[in-house]
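Engineer: from the sequence below, what's the structure:
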Amino acid sequence: MPLIHAADLLDHARNMGYRVPAFELTNLDHIVPIVEAAEHTATPVILIFSAESGRSFTPALAAAVAAARETAIPVVIEARTSSDSDVVAGAIRGGANSILLSQAADTPPEQVETAIQLASASGVPLFVSCDTSTSTHYRDYRRLPASHKTAYAEAERGLVESSGNGRAAQALAACRPWLEVEHLIVYNVKDGCDVRFVEKMMAHGRTVLSAIPGVRRVFTGRALRRDDRYQYCWLVRFANPAVVASYRDHPDHVAFANTQFRPVAADRISIDFESAE
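Structural biologist: Numbering: from 1, shown residues only. Below is the predicted model:
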């Protein structure tokens, strides 16, 4: 999976003296043509989504992640947003592995700090648009015309013109892969626990744990066969390995685990798996 760390890619661009093509996506149909053009020109690419309050960009992020998984070209999926912490959290949950903060002059400093802390807890790099270091100077911003009919040709032309043209192999070798983590718990409940009570506990846990920074999905389940060694499971998807520690220590997780999960859980096994793609 060629999703890579944004900070690594921009550091590589700075060290090698080029700018990474960064396409601002205004049309969902542009994702595949851009990625295909990047493959043809062997060019690393940043896909930028504008994330705004009240607007759902999850389908676009999901489409970008799916396209990135099918290519050998290094890709960064970046959400450009205000300092609204809910929007930042939604972008990370949806699949963004980089945040570009558009900071208005009148934005309260504490609001920006909250967004920075949220991204940090999620292990996702956050850049501020007014910063002239790695946030904007090493991006080559481009926008395709609204029509998707000429998207491939326009994307290819922009990539060929870019100083990042042909840098894919170098960038891929220099950058860490971006890997999600699946936090797995299989367990049994103590004798006498009512099934309905366990289901209520799991439902509450899905709500509480899904809101923790860096958590992308919470699945709870029960074994199909009643004679299996373990009867229940949690499968929690983290944005990346950095979330393992921040999730473990988050007060909402600690409170839920201590007051609701552990009192009913008997024997259990917990393992963190990273993607092997």
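
Engineer: quick one: least confident helix or strand in this protein?
Structural biologist: In the chain, no helix or strand scores lower on mean pLDDT, DSSP states H and E than strand 139-143, which sits at a mean of 83.

Engineer: following element in sequence after that one, please.
Structural biologist: Once strand 139-143 ends, the next helix or strand along the chain (criterion: DSSP states H and E) is helix 151-161.

Engineer: flag every buried residue along the following helix or strand past that next one.
Structural biologist: Next along the chain after helix 151-161, taking DSSP H and E as the criterion, comes helix 168-174. Across helix 168-174, burial judged by 16 or more other CB atoms under 10 Å covers Ala168, Gln170, Ala171, Leu172, Ala174. Placement of C-beta: from N, CA and C, glycine included.

Engineer: where are the low-confidence patches of this protein?
Structural biologist: Scanning the chain for pLDDT under 70 picks out 1, 52-57, 103-106, 130-137, 146-148, 277.

Engineer: that one: strands as residue ranges?
Structural biologist: Shown for the chain, the strands assigned by DSSP state E span residues 20-24, 45-51, 75-81, 98-101, 126-128, 139-143, 181-189, 215-222, 232-238, 265-274.

Engineer: now the ones you listed in JSON lines, with mean neighbour count?
Structural biologist: Below are the strands of the chain laid out as JSON lines (neighbours: other CB atoms under 10 Å):
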{"stretch": "strand 20-24", "mean neighbour count": "23"}
{"stretch": "strand 45-51", "mean neighbour count": "25"}
{"stretch": "strand 75-81", "mean neighbour count": "26"}
{"stretch": "strand 98-101", "mean neighbour count": "26"}
{"stretch": "strand 126-128", "mean neighbour count": "21"}
{"stretch": "strand 139-143", "mean neighbour count": "18"}
{"stretch": "strand 181-189", "mean neighbour count": "18"}
{"stretch": "strand 215-222", "mean neighbour count": "16"}
{"stretch": "strand 232-238", "mean neighbour count": "20"}
{"stretch": "strand 265-274", "mean neighbour count": "13"}
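
Engineer: need these in JSON lines with distance to Gly205, can you?
Structural biologist: Below are the strands of the chain laid out as JSON lines (distance: least, CB to CB, whole Å):
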{"stretch": "strand 20-24", "distance to Gly205": "38"}
{"stretch": "strand 45-51", "distance to Gly205": "27"}
{"stretch": "strand 75-81", "distance to Gly205": "27"}
{"stretch": "strand 98-101", "distance to Gly205": "27"}
{"stretch": "strand 126-128", "distance to Gly205": "28"}
{"stretch": "strand 139-143", "distance to Gly205": "39"}
{"stretch": "strand 181-189", "distance to Gly205": "11"}
{"stretch": "strand 215-222", "distance to Gly205": "7"}
{"stretch": "strand 232-238", "distance to Gly205": "7"}
{"stretch": "strand 265-274", "distance to Gly205": "11"}
